[in-house]
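In: Using only what follows, build the 3D model:
(2 chains)
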Protein chains: 2
Amino acid sequence: MRCLSDVGEFGFIDRISRLIPSSPYVIEGIGDDCAVLRVSDRIVLVTTDLCIENVHFRRDRVAASDIGWKAAAACISDIAAMGGAPLYCLVSLACPPSERTSYIEELYQGMLSAMSRFGTVIVGGDTTRSNDGISIDVIAIGEAIGNRFLRRRGAKVGDRIVVTGDLGSSAAGLHALINGVDDKELIRAHMYPNPRVLEGQWLCARSEVHAMMDISDGLCQDMGHLARASRLGIDLEPERLPVSPALARYCGEHGLDPLPLMLSGGEDYELVFAIDARSAEKILEDFHHEFRVQTTVVGTVTDAWTGVRIHGESPESIGFDHFKPKG
Amino acid sequence: MRCLSDVGEFGFIDRISRLIPSSPYVIEGIGDDCAVLRVSDRIVLVTTDLCIENVHFRRDRVAASDIGWKAAAACISDIAAMGGAPLYCLVSLACPPSERTSYIEELYQGMLSAMSRFGTVIVGGDTTRSNDGISIDVIAIGEAIGNRFLRRRGAKVGDRIVVTGDLGSSAAGLHALINGVDDKELIRAHMYPNPRVLEGQWLCARSEVHAMMDISDGLCQDMGHLARASRLGIDLEPERLPVSPALARYCGEHGLDPLPLMLSGGEDYELVFAIDARSAEKILEDFHHEFRVQTTVVGTVTDAWTGVRIHGESPESIGFDHFKPKG
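Out: Okay, here's the model as predicted:
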């Protein structure tokens, strides 16, 4: 008798996907950051992101407004990951009837701050009681600007794999929270992700960018999704990744290796994309002029095999699978 | 220190609504069955419906496929309630990692059956582990046919209040489930609601129908929502409601009064609408010819006060508050 932890989150999604009939109006169904749908002459992106107490957050360690911000930002990041413009959100909330009204209002304030920051607003939702703990499901609806959007598939052999910003700070912030270390900068990186909405739109407008996603499960695991969707391989050179001063300091102080945090920590909500090798330098320079955000070429798309390699070797630890126990 | 059970679901929704800024592209935000949004030249309806283990369903009493059907049907009914055409669904699922894969597949099969029955399909979603029990959030996206849709507001003084089908069977089915009575017909009414999708579209195309919603909380409470949204009163004559043979039999066998089940049982997923008094007879006759579904004129819209009355009396004053909460 197989259970979900045997097949894992992605094995389970594969099984469910096989049950679902296809539809001509669905441009992209299950398996990418957003569902991509045709509505009249527009292309609409829809995504949903569940956030469960004691799975995704511990309320004793962070403020309600932080939990709200993160729940909304994580969902909006899926729209950013396809280069879209977020327009509307819905929120489904389950919580115990004994919950303080002021606590839940603060949670909504946090969500509304993130939504307002990225140009969207709550237009509906559902509320119900739960028997145990808070569950938040944020739904974001966006638009593909000029009907262009980027999927996980579409990478070409020889493309460079590029990451925006730096990785690992969110994972270090989680480590700090769990271990009671009061590292405000890293905890902020963990609780206040800033989806790369404008950056995603800018990249989506360049035809030299062939595939894109956001980093939520961790670079290594997410590159596995991109490689599989593109039916190609990706060879990473992780030593190229910059180690931010805060991450270097924290890892130094706590005897940690920053590399696993950067490769499989997850929840960075940075963008990772495959870009034509010949155009990469110029476009990344323009990108830096536009946003003052660093980018790092961290790998190459290959036709040697399907999957992720690190300098040609199979990676030992492949990120975080929600149904499989951590670590 | 006020908690959610002090302010109640609708008091809480009011408080949250006040936090939310308005947007010119949102035709209808929080407070109706669906959010109504403009996308290009089309009007899109979006709704979400949470279904929580041991709050909305008990898995020891019904099959997984039944739970799935009901979760999807309840959400699709919100599209029907505005006269829309359901197009796409997303499903967010939280469940314990120890859950049998086959059980969750059966749950999805149930959802997919309901969706297929009403012309929609799963296009995306999210899955995550929970620490305790299954939570299902179904999101439905629909279209307003010819950009027409019906809201809760819009009823006019003198309009007749009309209900499709019959009420109370779902509540009796729940009573049977809770009390271990093997009444297949009523349990089926509870677990297999059939959203009135085509009926809603048909009614929405008639300009004489001024306001509409589905019955999910129970006729009495839902008429309170419609009255409040329309800023008018509604006077109900509940003795007009037909008692279905199955309900009459069950109530007879168990010494129950059918009226509270019909007025406050809820989860009927029938439609209730306000229709111009002069046109009602002809339109209801046409409706019956089209769908072979009975309709009942159960009340009148008045300008005497805001709220629901039963023969001019407040429902509380004649003891209806006793029948309200189910658990």
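In: Residue nearest the middle of chain A, spatially speaking?
Out: Closest residue to the average C-alpha location of chain A: A:Ser216 at 3.1 Å, with Cα atoms, centre = their mean.
In: what pLDDT does A:Asp32 get?
Out: A:Asp32 carries a pLDDT value of 89.
In: Name the helix or strand for A:His288, please.
Out: Take DSSP states H and E as the rule and A:His288 turns out to sit in helix A:277-291.
In: For that helix, which helices and strands make contact with it?
Out: For helix A:277-291, the packing partners by 3 or more Cβ pairs under 8 Å, 6 or more residues apart in numbering or on different chains; DSSP states H and E come out as strand A:160-164, helix A:197-204, strand A:295-302. (C-beta placed from N, C-alpha, C; glycine too.)
In: The ones you listed: which one's closest to chain B?
Out: Among the helices and strands packed on helix A:277-291, helix A:197-204 comes nearest to chain B, with 16.9 Å by Cβ to the nearest Cβ.
In: Contact partners for the residue nearest to the centre of chain A?
Out: Shown in contact with A:Ser216 (Cβ atoms under 8 Å, 6 or more residues apart in numbering or on different chains): A:Ala74, A:Ser77, A:Asp222, A:Gly266, A:Glu267, A:Asp268, A:Tyr269.
In: cool, A:Asp6 as well?
Out: B:Thr101.
In: so how far is the helix or strand hosting it off the chain centroid?
Out: A:Asp6 belongs to helix A:4-19 when assigned by DSSP H and E. Centre-to-centre, helix A:4-19 and its host chain are 20 Å apart (Cα atoms, centre = their mean, to the nearest Å).
In: buried ones in it?
Out: Under the neighbour-count criterion of 16 or more other Cβ atoms under 10 Å in any protein chain shown, helix A:4-19 has A:Leu4, A:Ser5, A:Val7, A:Glu9, A:Phe10, A:Gly11, A:Phe12, A:Ile13, A:Arg15, A:Ile16 buried.
In: nearest to chain B, of those?
Out: Nearest to chain B among the buried residues of helix A:4-19: A:Ser5, at 3.7 Å, using Cβ to the nearest Cβ.
In: Looks like A:Thr127 contacts B:Asp14 (just checking).
Out: No: in this structure A:Thr127 lies outside contact range of B:Asp14 using Cβ atoms under 8 Å: 11.4 Å.
In: before we move on, back to that, check the buried residues of helix A:4-19 one by one and keep those near chain B.
Out: By Cβ under 8 Å from any Cβ of the partner chain, the members of the buried residues of helix A:4-19 lying near chain B are A:Leu4, A:Ser5, A:Val7, A:Glu9, A:Phe12, A:Ile13, A:Arg15, A:Ile16.
In: What about the nearest residue to A:Val123 once chain neighbours are set aside? Give its phi and psi, please.
Out: Once flanking residues are discounted, A:Val123 sits nearest to B:Ala35: 3.9 Å by Cβ to Cβ, 6 or more residues apart in numbering or on different chains. The phi/psi pair for B:Ala35 (degrees, to the nearest 10) reads phi -80, psi 140.
In: Look at B:Ala35 and say how many residues are nearby.
Out: 27 (other Cβ atoms under 10 Å in any protein chain shown).
In: what about it, distance to A:Cys89?
Out: From B:Ala35 across to A:Cys89, the span is 10 Å (Cβ to Cβ, to the nearest Å).
In: Common neighbours of these two, please.
Out: Among the neighbours of B:Ala35, those also in contact with A:Cys89 (Cβ under 8 Å, 6+ apart) are A:Val123.
In: from the stretch 151-300 of chain A, which residue is nearest to chain B?
Out: Nearest residue of the stretch 151-300 of chain A to chain B, counting by Cβ to the nearest Cβ: A:Ser216, 10.7 Å away.
In: before we move on, the earlier item: is it correct that the residue nearest to A:Val123 is in contact with A:Tyr88?
Out: Yes: B:Ala35 is within contact range of A:Tyr88, at 7.0 Å (criterion: Cβ under 8 Å).
In: who touches both of these two?
Out: In contact with both B:Ala35 and A:Tyr88: A:Val123, B:Val26, B:Val46, using Cβ under 8 Å, 6+ apart.
In: To what extent is the nearest residue to A:Leu236 once chain neighbours are set aside buried, counted in neighbours?
Out: Once flanking residues are discounted, A:Leu236 sits nearest to A:Gly299: 4.1 Å by Cβ to Cβ, 6+ apart. When neighbours are defined as other Cβ under 10 Å, A:Gly299 has 27 of them.
In: doesn't A:Glu239 make contact with A:Gly299?
Out: No: using Cβ under 8 Å, A:Gly299 makes no contact with A:Glu239, being 11.2 Å away.
In: give the contact list for the closest residue to A:Asp183 other than its chain neighbours.
Out: Using Cβ to Cβ, 6+ apart and skipping the chain neighbours, the partner closest in space to A:Asp183 is A:Ala176 (4.3 Å). A:Ala176 sits next to A:Asp182, A:Asp183, A:Leu186, A:Ile187, A:His190, A:Tyr250 when contact means Cβ under 8 Å, 6+ apart.
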